[in-house]
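**Q** Predicted coordinates and the sequence they were generated for:
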Amino acid sequence: MVDPNTLLHYTNVLDAVIDAVYFSIKNHNITDVVVHVTESRWPSKGYSKEPYATIDNAVTYHSNLIKHVFDCNGTPLHPEYTSSIYIYELFNENLDIHRGTFLANDTTNQMYCVAMDGVDSRTLQAALDWALGLGRANCSEIQSGKDCQQPNNVKN
């Protein structure tokens, strides 16, 4: 949609909300801060009155969100800024979401993160870089001589 007041073109609600914050703080003469989003998510399971809270919609939302952030395009108002966005409760407490395709390190049950088929290697590498850094993933099983070391490629 095109904002009728600014004529900026928005392709997603998140950018519109971030820019709304920029406009609000500008009204208080604050212009030297970058907005960071401390909670964003899509539920994978909801009540009967929440038909869009599905695993497929959660996967779509989170995948598009991560791609959007890694594209570093910013928002229509501030394309020069890329906000940090923290995904809240990516994993349901009962670990049912993304079972078999995207799991947290669960050393108790011997479950591991597994990349989905068809993910492009650039996006996957960026996600791995985050997981191995700030995500503090346990990658001991893919080290030389361990059970999951072969085949030694980005996906595996």
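**A** Nice, I can see it. Numbering: from 1, shown residues only.

**Q** Check which residues of the longest helix anywhere in the chain are buried.
**A** Scanning the chain for the longest helix, with DSSP state H as the assignment, gives helix 55-70. Counting neighbours by 16 or more other Cβ atoms under 10 Å, one finds that the buried residues in helix 55-70 are 55, 58-59, 61-62, 65-66, 68-70. Yep, even glycine has a C-beta here, placed from its N, CA and C like the rest.

**Q** right, and the helix or strand after it?
**A** Sequence-wise, the next helix or strand downstream of helix 55-70 (DSSP states H and E) is strand 85-87.

**Q** Report all helices and strands that whichever helix or strand comes after that next one contacts.
**A** Toward the C-terminus, strand 85-87 is succeeded by helix 121-132 as the next helix or strand (DSSP H and E). Contacts defined by 3 or more Cβ pairs under 8 Å, 6 or more residues apart in numbering; DSSP states H and E place helix 121-132 against helix 55-70.

**Q** Against Asp15, how distant is the most centrally placed residue in the chain?
**A** Centroid-nearest residue in the chain, with Cα atoms, centre = their mean: Ile66, separated by 3.6 Å. Note on Ile66: its distance to Asp15, by Cβ to Cβ, to the nearest Å, is 15 Å.

**Q** For the helix or strand of the chain with the lowest mean pLDDT, list every residue counted as buried.
**A** Ranked by mean pLDDT, DSSP states H and E, the helix or strand of the chain with the weakest confidence is helix 121-132, at a mean of 78. Under the neighbour-count criterion of 16+ other Cβ under 10 Å, helix 121-132 has 126-128 buried.

**Q** Let's see it as PDB, backbone CA atoms only.
**A** Extracted as PDB, the C-alpha positions of helix 121-132 are listed here (Å, rounded to 0.1, in the frame of the first residue of the first chain):
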ATOM      1  CA  SER A 121      22.500 -21.500   0.400                       C
ATOM      2  CA  ARG A 122      23.000 -17.700   1.000                       C
ATOM      3  CA  THR A 123      20.100 -17.500   3.300                       C
ATOM      4  CA  LEU A 124      21.100 -20.800   5.000                       C
ATOM      5  CA  GLN A 125      24.700 -19.600   5.500                       C
ATOM      6  CA  ALA A 126      23.400 -16.300   7.100                       C
ATOM      7  CA  ALA A 127      21.200 -18.200   9.400                       C
ATOM      8  CA  LEU A 128      24.000 -20.600  10.400                       C
ATOM      9  CA  ASP A 129      26.400 -17.600  11.000                       C
ATOM     10  CA  TRP A 130      23.800 -16.200  13.400                       C
ATOM     11  CA  ALA A 131      23.100 -19.600  15.100                       C
ATOM     12  CA  LEU A 132      26.800 -20.300  15.600                       C
END
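
**Q** Alright, I will stop here.
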